[in-house]
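J.: I'll drop the sequence and a predicted model, then ask my questions.
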Amino acid sequence: MAAEVGATLPAGWALASDTQDAQASASDDHAASVAETYHDDLERTAGVLLAAWLAQHDGDHSGAAAALAAGLGTWAAARAVWKVPQVAGYETIDAYNDGGEDAAGDLTDGTLSPDDGTVLAPDAFYVTVLPEGAAEIFCQMYAGQEFSIDDAEEIYNAFPAHISCDHYGCIVAR
Ligand SMILES: [Zn+2]
């Protein structure tokens, strides 16, 4: 099992401003997308619940509002259980991947070094994909395998590879 590399940030280190701008822009887009998806799902679910309720009550609307409120409450609670972690993962993966790519670039440039000034050799590290096991064919080709630091951008960008994929790129020390 590979060990993840820990590092302390140099004093005064800050994320590059173009990276910050890209992240801010991406979060605005994602927030709008999350709201739009929620609206669409809610509207569709309300339509299905109302149609079912009316079919059971011979088209009588009295009581429909209360039934709809209760049904949507149950739906929203159940949706949050799986949707919240999915959104959180999606929202953080871009920043995670950008950070990994930046670190790989700094390793290659010789500008990523510990506090004692030692220059880290790129070939002392490799890129892998975790977790090591995978059910999908594509993920099986990468999960737990060793790749050169030069392949970091490609690896980080490839994951997650599909809906509900829990794989991510990772830089590890040999
Ligand atoms: Zn996967």
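T.: Received, thanks. Numbers count the residues shown, from 1 in each chain.
J.: in what helix or strand does Arg126 lie?
T.: Check again: residue 126 is Tyr, not Arg. In the assignment (DSSP states H and E), Tyr126 maps to strand 125-130.
J.: Now do that strand: distance to the chain's middle.
T.: 18 Å (Cα atoms, centre = their mean, to the nearest Å).
J.: And stretch 144-152, by the same measure?
T.: Stretch 144-152 has its C-alpha centroid displaced from the chain centroid by 20 Å (Cα atoms, centre = their mean).
J.: follow-up on the earlier one: hmm, who's touching the strand holding Tyr126?
T.: Strand 125-130 is contacted from outside by 2, 5, 104, 107, 139, 142-149, 151-152, 155-156, 159, 167-174, using Cβ atoms under 8 Å, 6 or more residues apart in numbering. (Glycine included, C-beta is placed from N, CA and C.)
J.: mind running it again at 7 Å?
T.: Residues outside strand 125-130 that contact it (Cβ atoms under 7 Å, 6 or more residues apart in numbering): 2, 5, 104, 107, 142-149, 151-152, 155, 159, 167-174.
J.: Looking at these, which are in helices?
T.: 104, 107, 152, 155 (DSSP state H).
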